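Enquirer: What follows is a predicted structure for the sequence shown.
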Amino acid sequence: MFVSDKFRKVAWILLTILLSGFICSLLIYALLLEAGSIAISGCKKIGFYNYCLYNGTSAGCYCITDQEGLTAVGLNCQKGLLLSLVLTYSSLVTFLMGLLTMTLALSFNERTLWMFPQVFNGLSLAGLSVGLLMYLCLTWGLYDISELSTGFLALLLAIVGLILLSSVMRHYSRLTANPFKSTLTDDTSDQKYNLVV
């Protein structure tokens, strides 16, 4: 019984670490390496920092760099675009803070510390979901579904991963009163039970 409980705890910890690494890789790829690009088609590139559209009169693309250019193509809500940018990119920061607190919880075996990564993961999930949805609603008329990039797919996978990670961490914290009970404590309790019997 003790071996199975110990194996189950180790399995939950490994699953949490693997999911965290997977989500972190997806967020770094989509937001940093791909520069937040949501749609890419040839020279056309639309993302949190890029607004390069096809030139209607000649070959190639032109890139919008000012507010007047965004208004000309129908993006009138500049504050909404800025808010979606802040929400989406803050999800990476809050997730990294969650990784730090999870490392502290694993190091100090404190159940109280284990609650902090759950909060940070929830904030990261909310920021990423709301920010991406807001950005898609504001820029939907500029691209087709077929032009969505791998960075966009990585963000969707990160949202799914955050949902899974939150449920795994919640289930694991409810599994036992102390998720990181030491082997010495278990052995001592077994010895006390044998003495009583």
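Expert: Yep, that arrived. All figures in this text were calculated on a predicted structure; none of them were measured in a lab.
Enquirer: residues contacting Thr150?
Expert: Glu34 (Cβ atoms under 8 Å, 6 or more residues apart in numbering). Using the backbone N, CA and C atoms, a C-beta is placed for each residue, glycine as well.
Enquirer: quick one: it from Leu156, how far?
Expert: From Thr150 across to Leu156, the span is 10 Å (Cβ to Cβ, to the nearest Å).
Enquirer: now Lys45
Expert: The gap separating Lys45 from Leu156 is 19 Å, by Cβ to Cβ.
Enquirer: quick one: which of those two has more around it?
Expert: Of the pair Lys45 and Leu156, Lys45 is the one with more neighbours under other Cβ atoms under 10 Å, namely 22 against 16.
Enquirer: quick one: the strands in the chain?
Expert: 37-41, 44-47, 51-54, 61-63 (DSSP state E).
Enquirer: Out of those strands, which is closest to Lys9?
Expert: Closest approach to Lys9 among the strands of the chain (Cβ to Cβ): strand 37-41, 39.9 Å.
Enquirer: From the contact counts, what lies against that closest one?
Expert: Here strand 37-41 touches strand 44-47, helix 111-139, helix 150-175, going by 3 or more Cβ pairs under 8 Å, 6 or more residues apart in numbering; DSSP states H and E.
Enquirer: quick one: average pLDDT of it?
Expert: Across strand 37-41, the average pLDDT comes to 87.
Enquirer: cool, stretch 103-114 as well?
Expert: Rounded to a whole number, the mean pLDDT of stretch 103-114 is 76.
Enquirer: How about stretch 147-163?
Expert: Across stretch 147-163, the average pLDDT comes to 94.
Enquirer: Centre of the chain to that stretch, how far?
Expert: Distance, stretch centre to chain centre, for stretch 147-163: 9 Å (Cα atoms, centre = their mean, to the nearest Å).
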